[in-house]
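A.B. asks: sequence and predicted structure are below.
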Amino acid sequence: MTTLKVHSIESAPEGSKALLEASLKSNGMIPGLHGVLAGAPGILEAYQTIHKLFTQTSFDKEELTVVWQTINVEHACHYCVPAHTAIAKMMKVDDSITEALRNETPLEDSKLEALRTFTLAVTRNRGQVSQEELTTFYNAGYGEQQVLEVILGLSQKVISNYTNHIANTAVDAPFKPFAWERQK
């Protein structure tokens, strides 16, 4: 098992201090992931920037959750699945969506299921999707903009999921009630 240092504002490199202060202000705490990312100011800034940009895409709160959790679950991220379960609850996303995503079962809403399926294809195949997969996504009501926005969301999740795997980031107390392990 590997671990990386979880920084506080005091222990963080100078370039990360203001970023951690912003994280504390917006979250009421410094999430463990942010403390780890603080070890390299550029990655913490990139993560926070990509997160902000992704939340400003054309996706609504349910669609954001579908993209985030599909990737988190596919990457088996012990930290991000519970964190995004808590975030989905704060965003008032229907629990049935979150539970289906956590359990890797199809979503009842056909458009959300198309988003889940496409996000999974992009993630599993490292962007090598077929014309048929694109056509199915487009037929569900999405377009080229959303293809690119899925890639933006994946960029955010690669940073967090991979960091959490290497760092073995402890799940923060507010997320512990939503602990998760892959069932397969």
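C.D. replies: Thanks, I have it.

A.B. asks: mind checking how far residue 118 is from residue 106?
C.D. replies: Distance of residue 118 to residue 106, given as Cβ to Cβ, to the nearest Å: 13 Å. (C-beta placed from N, C-alpha, C; glycine too.)

A.B. asks: also residue 15?
C.D. replies: 44 Å.

A.B. asks: kindly report the same for residue 154.
C.D. replies: 20 Å.

A.B. asks: show me which of the two is the more surrounded one.
C.D. replies: Neighbour count, other Cβ atoms under 10 Å: between residue 154 and residue 106, residue 154 has more, with 24 against 11.

A.B. asks: pull the residues that contact the strand or helix carrying the more buried one.
C.D. replies: Assigned by DSSP states H and E, residue 154 belongs to helix 144-167. Helix 144-167 is contacted from outside by 2-4, 6, 33, 36-37, 43, 46-47, 50-51, 53-54, 57-59, 64, 67-68, 71-72, 75, 77-80, 115, 118-119, 122-123, 127, 134, 137, 169, using Cβ atoms under 8 Å, 6 or more residues apart in numbering.

A.B. asks: contact partners for the residue positioned nearest the centre of the chain?
C.D. replies: In the chain, the C-alpha nearest the mean C-alpha coordinate belongs to residue 68, at 3.8 Å (Cα atoms, centre = their mean). Contacts for residue 68 (Cβ under 8 Å, 6+ apart) come out as 80, 84, 87, 153, 156-157.

A.B. asks: which among those count as buried?
C.D. replies: Neighbour-count burial (16 or more other Cβ atoms under 10 Å) applied to these gives 80, 84, 87, 153, 156-157.

A.B. asks: what would the residues you listed look like in CSV with distance to residue 95?
C.D. replies: Supplementary listing: the buried ones among the contacts of residue 68 in CSV, determined by distance: Cβ to Cβ, whole Å:
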residue, distance to residue 95
80, 18
84, 13
87, 13
153, 21
156, 23
157, 21
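
A.B. asks: related to what we said a few turns ago, can you tell me the SS state at the residue nearest to the centre of the chain?
C.D. replies: Following DSSP: H, G, I helix; E, B strand; the rest coil, the label given to residue 68 is helix.

A.B. asks: what's the spacing between it and residue 74?
C.D. replies: Distance from residue 68 to residue 74, by Cβ to Cβ: 11 Å.

A.B. asks: got it, and residue 95?
C.D. replies: Applying Cβ to Cβ to residue 95 and residue 74 gives a distance of 21 Å.

A.B. asks: okay, these two: which has more neighbours?
C.D. replies: Legend: neighbour count by other Cβ under 10 Å for residue 95 and residue 74, higher for residue 74 (18 against 11).

A.B. asks: any low-confidence regions in this structure?
C.D. replies: Along the chain, segments meeting pLDDT under 70 span 1, 184.

A.B. asks: the same query, at a cut-off of 90, please.
C.D. replies: For the chain, the stretches flagged by pLDDT under 90 are 1-3, 182-184.

A.B. asks: I appreciate the help and will end here.
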